[in-house]
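> no letters, just coordinates:
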């Protein structure tokens with residue numbers, strides 16, 4: 001069942017992974033700039049980096065990853081995307097609090113931890129909730 005889903009959505013899943021890798025590195029770069037170069041407190045640095053990357057992430061996923069499903073207007077997709085972001089933001093900030101405050105590790109470890117958890121659920125949520133529009137003849141997947 002999972003393998004069938006992956007095969008059925010292989011094109012958009014591959015694009016999702018590419019966009020995810022790009023935004024992951026962008027998030028790390030921005031966090032490094034804000035935290036290490038500008039000396040911002042880690043919660044502010046991670047928050048600003050996160051919200052800047054959100055804009056890039058939405059645009060790339062709407063126009064590239066899920067372009068086949070982009071029948072939902074931006075006005076319809078943004079509130080749905082905002083729900084997903086709020087959940088992902090809580091996971092990101094929770095990861096930072098866990099890494100930095102509880103186990104006293106470098107806050108740079110929080111980003112990969114958060115990315116693992118958010119990426120695991122985001123593809124499904126974007127494919128079936130944020131960008132998906134039901135068409136009478138749509139069978140799902142990329143093929």
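Structure's in. What do you need? Because the structure is predicted, anything quoted here is derived from the model rather than measured.
> rest of the way, CA atoms for contacts and neighbours
Will do.
> what does the lowest-mean-pLDDT helix or strand in the chain contact?
Counting by mean pLDDT, DSSP states H and E, the weakest-scoring helix or strand in the chain turns out to be helix 110-125, with a mean of 82. Counting contacts by CA atoms under 8 Å, 6 or more residues apart in numbering, the residues outside helix 110-125 that touch it are 13, 16, 20, 24, 28, 84, 88, 91-92, 95-96, 98-100.
> flag every buried residue along that helix.
Taking 16 or more other CA atoms under 10 Å as the neighbour-count basis, helix 110-125 is seen to contain the buried residues 110-111, 114-115, 118, 122-123, 125.
> counting neighbours, what do you get for residue 40?
15 (other CA atoms under 10 Å).
> do residue 108 as well
Counted with other CA under 10 Å, residues neighbouring residue 108 total 17.
> nearest residue to residue 105 in space, please, no chain neighbours.
Spatially, and ignoring its direct neighbours in sequence, residue 105 is nearest to residue 99 (5.4 Å; CA to CA, 6 or more residues apart in numbering).
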